[in-house]
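*Asks:* Give me the fold of what follows.
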Amino acid sequence: MGVTESEVAKSVKRRRTVSVRKPGQPGTIKLLKKYGPTLRCVRYVHDYDTGERYKSIELIQVIYNDASAAERVPPDVWVGIEIGPQEKELRKKVKALGGRYDTDDRLWFIRHEDYKALNLDEKQFTIKEMVGEYRVD
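*Replies:* Below is the predicted model of the structure:
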């Protein structure tokens, strides 16, 4: 016979994710060299029933460019974009439009309508809900 649902539920409850690491952080360097930019994160999980420890990785296999997704974002939503240190002119434009830099995410946040006005379609954006000067994840 197979494993019952209650047995699966019990074993899942006893597993705990101890830490999640982003690429480049300690514990991910070898995996980052092996998988490159497809590495999304590394999870360390402890199974308290068996005493086993697991290291699991999350990889990106396919990236779909959904151009219509950008059109569905409301204009007043704040979006985060990565601006490199060499892109000084773009940084000035974003600041002039009221953009804010988030040191935790290392992203510049501007309203989506400003993003569209600057014709930044080639730059991928991240949506974060922001309230005033504080971000709500």
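
*Asks:* which residues in the chain form helices?
*Replies:* Counting by DSSP state H, the chain has these helices, from start to end: 5-13, 29-35, 67-71, 88-96, 112-117.

*Asks:* Once you drop chain neighbours, what's closest to Val18?
*Replies:* Among residues not flanking Val18 along the chain, Tyr44 sits closest, at 4.7 Å (Cβ to Cβ, 6 or more residues apart in numbering). Every C-beta, even on glycine, is put in place using the N, C-alpha and C of the backbone.

*Asks:* can you pull the buried residues of stretch 26-44?
*Replies:* Buried residues in stretch 26-44, counting neighbours by 16 or more other Cβ atoms under 10 Å, are found at 28, 31-32, 35, 39, 42.

*Asks:* got the domain boundaries for this protein?
*Replies:* Using automatic domain parsing, the domain parsing of the chain gives 11-59, 67-132.

*Asks:* Now do the same for Thr17: its pLDDT.
*Replies:* As predicted, Thr17 sits at a pLDDT of 85.

*Asks:* My guess is it contacts Val42. True?
*Replies:* No. In this structure, Thr17 is not within contact of Val42 by Cβ atoms under 8 Å, at 10.8 Å.

*Asks:* top strand in the chain by residue count?
*Replies:* strand 39-47 (DSSP state E).

*Asks:* Quick one: list the elements packing against that one.
*Replies:* If contacts are counted by 3 or more Cβ pairs under 8 Å, 6 or more residues apart in numbering; DSSP states H and E, strand 39-47 sits against strand 15-21, helix 29-35, strand 53-59.

*Asks:* Could you save the domains of the chain as a markdown table and add columns showing distance to Thr4?
*Replies:* What follows is the domains of the chain, written out as a markdown table (distance: least, Cβ to Cβ, whole Å):
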| stretch | distance to Thr4 |
| --- | --- |
| domain 11-59 | 11 |
| domain 67-132 | 40 |
